[in-house]
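# Just need the structure, nothing else, for what follows:
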Amino acid sequence: MRILLVEDDPSLASGIRMALKPEHYTVDHLADGDNALHALKNEPFDAVILDLGLPTIDGMEVLRAIRRHGSQLPILVLTARDAVDNRIEGLDAGADDYLTKPFEVAELKARLRALLRRSQGQTSSLLTCRGISLDPQTLQVSYQHHVITLSRRELTLLQEFMSHPGRVFTRDTLARLVYGWEEDVESNAIEVHIHHLRRKLFPEVVRTVRGIGYVMDKA
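Residues are numbered from 1 along each chain as shown. From the prediction side, this is the model:
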């Protein structure tokens, strides 16, 4: 899952990225509101972690702008503004959840999982599709009751497909979701990962939509 982290404290941002990397999130970081709004307009993300005390544009204005544009993207607000009125303002502006600083990393992870689960209309964190089960908490994948070992990239790619069955992804969109901004991606990287998923699971797990991209069918 690809997360946009908008936080102007570099040490905190680095700590959050390090904490989320073992969970197989792709985390891209920006430090100001202007760039955040530009990225959200032009790039695919699954959720946003948003600090309120940002330069150029206050985080609350970023939040309102995201919702004005009609985006339903899950947004978790991080802030030192812990007064009740501040929390109410943030929730009313469109935040899905609110976490005050300082916070425990385990709570951040749990709240992010819950946001993503709710955004996908699920009551359980377990993803299931076409006989495949994926547990985002344990990162365990099974097919027909057999545990399947996947690489980090394969797991990230499978989670994107299973979170959006029936959605057609272009190759470029998948590359951004899996790799983010900070890694060079070989031109055939996504094709290689999909080949491995088909070999480890079953050939029809991901269908090629000629001239467009790839899809995991719902059934």
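
# Check the spacing between residue 206 and residue 179 real quick.
Plainly put, residue 206 is 18 Å away from residue 179 if you go by CB to CB, to the nearest Å. Every C-beta, even on glycine, is put in place using the N, C-alpha and C of the backbone.

# Looking at those two, which has the bigger crowd around it?
residue 206 (22 against 18; other CB atoms under 10 Å).

# which ones are touching the more buried one?
Contacts were defined as CB atoms under 8 Å, 6 or more residues apart in numbering; by that measure residue 206 touches 161, 194, 197-198, 214-216.

# Show only the entries of these found in helices.
Judged by DSSP state H, helices contain the following of the contacts of residue 206: 161, 194, 197-198.

# Identify, from those residues, the entry nearest to residue 33.
residue 161 (31.7 Å; CB to CB).

# How confident was the prediction at the closest residue to the closest one other than its chain neighbours?
Among residues not flanking residue 161 along the chain, residue 216 sits closest, at 3.8 Å (CB to CB, 6 or more residues apart in numbering). According to the per-residue confidence, residue 216 scores 96 in pLDDT.

# Let me know how buried residue 216 is, in neighbour terms.
Residue 216 - counted by other CB under 10 Å - has 23 other residues nearby.

# do the same with residue 6
Neighbours of residue 6 (other CB under 10 Å): 27.

# from memory it sits against residue 52, does it?
No - here residue 6 lies out of contact with residue 52, judged by CB atoms under 8 Å, at a distance of 9.6 Å.

# next SSE after the helix of greatest length in the chain?
Taking DSSP H as the criterion, the chain has its longest helix at helix 105-119. Later in the chain than helix 105-119, the nearest helix or strand by DSSP states H and E is strand 127-129.

# For that following strand, which outside residues touch it?
Contacts of strand 127-129 (CB under 8 Å, 6+ apart): 133-136, 159, 161-163, 165, 216, 218.

# tell me the domain ranges of the protein?
For the chain, the structural domains run 2-120, 127-216, going by the TED database.

# End to end on the first one, go ahead and measure it.
Okay, so that is domain 2-120. Using CA to CA, to the nearest Å, the end-to-end distance of domain 2-120 comes to 14 Å.

# I'd like the distance between residue 41 and residue 133.
35 Å.

# now swap in residue 93 and tell me
37 Å.

# Also residue 74?
Taking CB to CB, one finds residue 74 at 23 Å from residue 133.

# and the two? which has more neighbours close in?
The neighbour count for residue 74 versus residue 133, taken as other CB under 10 Å, is higher for residue 74 (22 against 17).

# Which residues does the longest helix of the chain contact?
1, 3, 15-16, 19-20, 23, 25, 46-47, 49, 72-74, 76, 78, 96-97, 99, 123-125, 136-137, 163.

# Name the residues of that helix that are buried.
For helix 105-119, a neighbour-count test (16 or more other CB atoms under 10 Å) marks 108-109, 111-112, 115-117 as buried.

# Excluding chain neighbours, what is closest to residue 77?
Counting by CB to CB, 6+ apart, the residue nearest residue 77 is residue 95, at 4.4 Å.
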